[in-house]
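In: Sequence isn't available, so here's the structure alone:
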């Protein structure tokens, strides 16, 4: 590990318990805070997460100003349950409708910038179980304490199938090797693909968003380039329990992450490309006649820095935090 990374680990890694709610309220001042949950078919968990944030961090204590769920074309009761629990709900396709439609979590996160007003944004995945509002307070701590910090990533233990360790397979097999190879300054991040993180709007507005599963890796790399390592931090949130995807689905995720990394290697002139990477990923399923190939397109799209989008209006709007009717 590079000496500067060792120094960063000591200086910029804290735990959620280091950031009590009372201290955050004292530091908040005029800073406005939005919490965003990207959600697709998460009716089983989204309501409990929204209700906890609203109860603890809005009704009981005025820390969060705005609680938004962006529904990504769910086929279940996700949107209604989020609204009943106290979130303001938007659908992915109603935000910036004049732009070409794109797929993926990264597109949802990018579009959330257009329907939120907070100076600070906290992203929380909507499939979490055993959710604790210390996830939100922990992520906000470094941002409220130090104006030079622009991004805070969560880190945690990820049990697989409720017993022992083993979660984070794409992190260990794809993302971590890529970062150590090409961006060793980011080798100190325990969970570089964490879906729980917080950032300053002013930083998020100035970087592109990969539209697929590479969004977290892309933001980490781009914000390192924009602001430097010392502007990044991580907070230990303890234990994260969520639904796990199949190995086949993780292969698609890995493909998108590799494409996201490749695009940044080219952009930063770290590689000289002699070919265009293929966008297809061939996987196999057992069929009646043997193994059947299944080909998926894993080339993610990319949204530009949202400040470059004419339809984006970053002027202040009243923070509502009001449940959808």
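Out: Happy to help now that I have it. Treat the numbers as computed from the prediction; the structure is a model and nothing was measured. Residues are numbered from 1 along each chain as shown.
In: All the helices of the stretch 101-250 of the chain, in order from the start?
Out: 105-112, 134-145, 169-170, 176-182, 201-204, 215-227, 247-267 (DSSP state H, counting those that start in this stretch).
In: ranking those helices by mean pLDDT, which is last?
Out: Ranked on mean pLDDT, the bottom entry among the helices of the stretch 101-250 of the chain is helix 169-170, at a mean of 89.
In: List of residues touching it?
Out: 193, 250, 253-254, 257 (C-beta atoms under 8 Å, 6 or more residues apart in numbering). C-beta here means a position set from N, CA and C on the backbone, and glycine is covered the same way.
In: Compare those and tell me which has the most neighbours.
Out: residue 257 (27 neighbours; other C-beta atoms under 10 Å).
In: Check the gap between that residue and residue 293 for me.
Out: 22 Å (C-beta to C-beta, to the nearest Å).
In: And for residue 43?
Out: In terms of C-beta to C-beta, residue 43 sits 33 Å off from residue 293.
In: between the two, who's got more neighbours?
Out: residue 43 (17 against 9).
In: Got the phi and psi for the more buried one?
Out: phi -60, psi -20 (degrees, to the nearest 10).
In: Now do the contacts for it.
Out: Counted by C-beta under 8 Å, 6+ apart, residue 43 has contacts 74, 76-78, 81.
In: how does it look with 10 Å?
Out: 74-82, 126 (C-beta atoms under 10 Å, 6 or more residues apart in numbering).
In: and the closest residue to residue 186 other than its chain neighbours, how many neighbours does it have?
Out: Closest residue in space to residue 186, ignoring its immediate chain neighbours: residue 179 at 4.6 Å, by C-beta to C-beta, 6 or more residues apart in numbering. Number of residues near residue 179 (other C-beta under 10 Å) recorded here: 22.
In: got it, and the one 5 residues further on?
Out: By the measure other C-beta under 10 Å, the count of residues near residue 184 is 13.
In: what's the answer for the one 4 residues further on, then?
Out: Close neighbours of residue 188, defined as other C-beta under 10 Å, add up to 23.
In: if we can go back for a sec, now render the helices of the stretch 101-250 of the chain as JSON lines, adding distance to residue 3.
Out: Shown next, in JSON lines, are these (distance: least, C-beta to C-beta, whole Å):
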{"stretch": "helix 105-112", "distance to residue 3": "33"}
{"stretch": "helix 134-145", "distance to residue 3": "22"}
{"stretch": "helix 169-170", "distance to residue 3": "29"}
{"stretch": "helix 176-182", "distance to residue 3": "15"}
{"stretch": "helix 201-204", "distance to residue 3": "26"}
{"stretch": "helix 215-227", "distance to residue 3": "17"}
{"stretch": "helix 247-267", "distance to residue 3": "24"}
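In: closest one to residue 241 among those helices?
Out: helix 134-145 (11.7 Å; C-beta to C-beta).
In: residues of that closest one that come out buried?
Out: 134-144 (16 or more other C-beta atoms under 10 Å).
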